[in-house]
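A.B. asks: here is my input; please provide its structure:
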Amino acid sequence: MDGAAGSALGLGVLVALIVIALAFDFMNGFHDAANSIATVVSTRVLKPYQAVVMAAILNFVAVFVFHLSVATTVGKGIIDQGIVDPYLVFGALVGAIAWNVITWWYGIPSSSSHALIGGLVGAAVAKVGTWALIPEGILKTVAFIFISPIVGMVFGALLMLATSWIFMRSTPSRVDRWFRRLQLISSSLYSLGHGGNDAQKTIGIIWMLLIAAGSIGAKDPVPIWVVVACYVAIALGTAFGGWRIVKTMGQRITKLKPVGGFCAETGGAAMLFIATALGIPVSTTHTITGAIVGVGTAQNVSAVRWGIAGNIVWAWVLTIPCSAFMAGLAWWVARHVFA
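C.D. replies: Take a look at the predicted model:
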């Protein structure tokens, strides 16, 4: 079914798919809340409820900060717009949501972003084969599975080494006092970057759907209500928090003090700001995990629990193929049951 035929399914189907997309966006915030708040909670700078409220507010404030470059990549740079129909969007969203639920249940900090990209790829391949994939957008996204955590790790480690050198003559209590305050800034920056990059992925999906349904033209800008709705949804998801993953991110990889939390969040935020400016849909999970590992390594290589980090890397590797498989299956079921 092509885009024109998709519009014939009516307003009810369109609204239902937009609701599902916003549900994914909410789950993205819920699933990835740990990325923004794990370090500031684990260092006891903020109580959990204070951290989630701050993160949620800044997730939404990002709407005023970032250009919609990531939304353009997701909406027009992963699969050919001509094959998009409601069944494909449904399959992509179901595949991404299913993988998010599985990883949330087991407390695995996987990537909602890559689950969504995998969902789009899986549904598209199930429908027409690999010709509809746009290699440039997919390769850029896949490359940053490795680039974003490595850059986050390097930034985190360099910041940790720099602060250690700068404050080498200061007492531990003074350093702790300073960085408990500074971590409020670094955590805020990371939450801002999280909202800016992740909310735009759902904006791209709804934009794609509206074009396929004929509600807007292919060259029309994203409707403002879509932008606001997606930022509100991810902020609400963050406000509810993903507590299973907070523990893994905040304490199981390496023990953090306020100075370490500041360096990890600042390094991760820098990576997110760069990627969002370039229009690259990166994983906030990968980025902050890499930054935390970098901070732990800068202190002592043995301070990092490499077994836990290794399990997380496996989840990264499996996210796109697993969500793609589930999305392809969801597309097939929808096409044969609801057609």
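A.B. asks: is it true that D25 touches A199?
C.D. replies: Yes - the pair D25 / A199 is scored as a contact, 6.6 Å apart, by Cβ atoms under 8 Å. All C-beta atoms are positioned from the backbone trio N, CA, C, and that covers glycine.
A.B. asks: overlap of the contact sets of these two?
C.D. replies: Residues touching both D25 and A199 (Cβ atoms under 8 Å, 6 or more residues apart in numbering) are C230, A233, I234.
A.B. asks: so of the residues you listed, which ones are in helices?
C.D. replies: C230, A233, I234 (DSSP state H).
A.B. asks: so for the first one, what pLDDT did the model give?
C.D. replies: The predicted local distance difference test score for C230 is 96.
A.B. asks: report how many residues lie close to it.
C.D. replies: The number of residues packed around C230, counting by other Cβ atoms under 10 Å, is 30.
A.B. asks: then the one 5 residues further on?
C.D. replies: Here the count is done by other Cβ under 10 Å, and A235 has 24 residues near it.
A.B. asks: point out where the stretch 151-300 of the chain drops to low pLDDT.
C.D. replies: For the stretch 151-300 of the chain, the stretches flagged by pLDDT under 70 are 241-256, 300.
A.B. asks: can you do 50?
C.D. replies: The model of the stretch 151-300 of the chain has pLDDT under 50 over residues 250-251, 253-254.
A.B. asks: how about the helices in it?
C.D. replies: For the stretch 151-300 of the chain, helices defined by DSSP state H, counting those that start in this stretch occupy the ranges 172-212, 224-240, 243-247, 258-278, 284-299.
A.B. asks: and the angle from the last one to helix 258-278?
C.D. replies: Put plainly, it is helix 284-299. 140 degrees (axes from the mean of the first three to the mean of the last three Cα atoms, to 10 degrees).
A.B. asks: can you state the direction angle for the helix or strand following helix 284-299 and helix 284-299?
C.D. replies: Using DSSP states H and E, the helix or strand that follows helix 284-299 in sequence is helix 306-337. Between helix 306-337 and helix 284-299, the angle comes out at 170 degrees (the same axes, to 10 degrees).
A.B. asks: which other helices and strands contact helix 306-337?
C.D. replies: helix 86-105, helix 112-128, helix 135-166, helix 284-299 (3 or more Cβ pairs under 8 Å, 6 or more residues apart in numbering; DSSP states H and E).
A.B. asks: and the host helix or strand of V70, what does it pack against?
C.D. replies: Applying DSSP H and E as the criterion places V70 in helix 69-76. Where contact means 3+ Cβ pairs under 8 Å, 6+ apart, helix 69-76 is packed against helix 112-128, helix 135-166, helix 172-212, helix 258-278.
A.B. asks: CA atoms only: put it into CSV for me.
C.D. replies: Extracted C-alpha coordinates of helix 69-76, given in CSV (Å, rounded to 0.1, in the frame of the first residue of the first chain):
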residue,chain,number,x,y,z
SER,A,69,18.1,18.2,12.1
VAL,A,70,17.7,14.8,13.7
ALA,A,71,14.0,14.7,12.8
THR,A,72,14.9,15.3,9.2
THR,A,73,17.3,12.4,9.2
VAL,A,74,14.8,10.0,10.8
GLY,A,75,11.8,11.2,8.7
LYS,A,76,13.6,11.4,5.3
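A.B. asks: from the helices of the stretch 151-300 of the chain, which stretch is densest packed?
C.D. replies: Most buried of these, by mean neighbour count (mean count of other Cβ atoms under 10 Å): helix 284-299, with a mean of 28.
A.B. asks: how far away is the most far-flung residue of the chain relative to its centre from V175?
C.D. replies: For the chain, the largest distance from the centre (Cα atoms, centre = their mean) belongs to R169, which lies 38.7 Å off. Separation of R169 from V175 (Cβ to Cβ, to the nearest Å) stands at 10 Å.
A.B. asks: need the helices of the stretch 151-300 of the chain in CSV (columns: distance to G156).
C.D. replies: Formatted as CSV, the helices of the stretch 151-300 of the chain follow (distance: least, Cβ to Cβ, whole Å):
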stretch, distance to G156
helix 172-212, 11
helix 224-240, 22
helix 243-247, 18
helix 258-278, 4
helix 284-299, 3
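A.B. asks: please name whichever of these is nearest to S110.
C.D. replies: Nearest to S110 among the helices of the stretch 151-300 of the chain is helix 284-299 (6.4 Å), distances taken as Cβ to Cβ.
A.B. asks: follow-up on the earlier one: could you dump the ones in helices among the shared contacts of D25 and A199 into CSV and include distance to A315?
C.D. replies: Listed next are those as CSV, based on distance: Cβ to Cβ, whole Å:
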residue, distance to A315
C230, 25
A233, 24
I234, 21
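A.B. asks: many thanks, have a good one.
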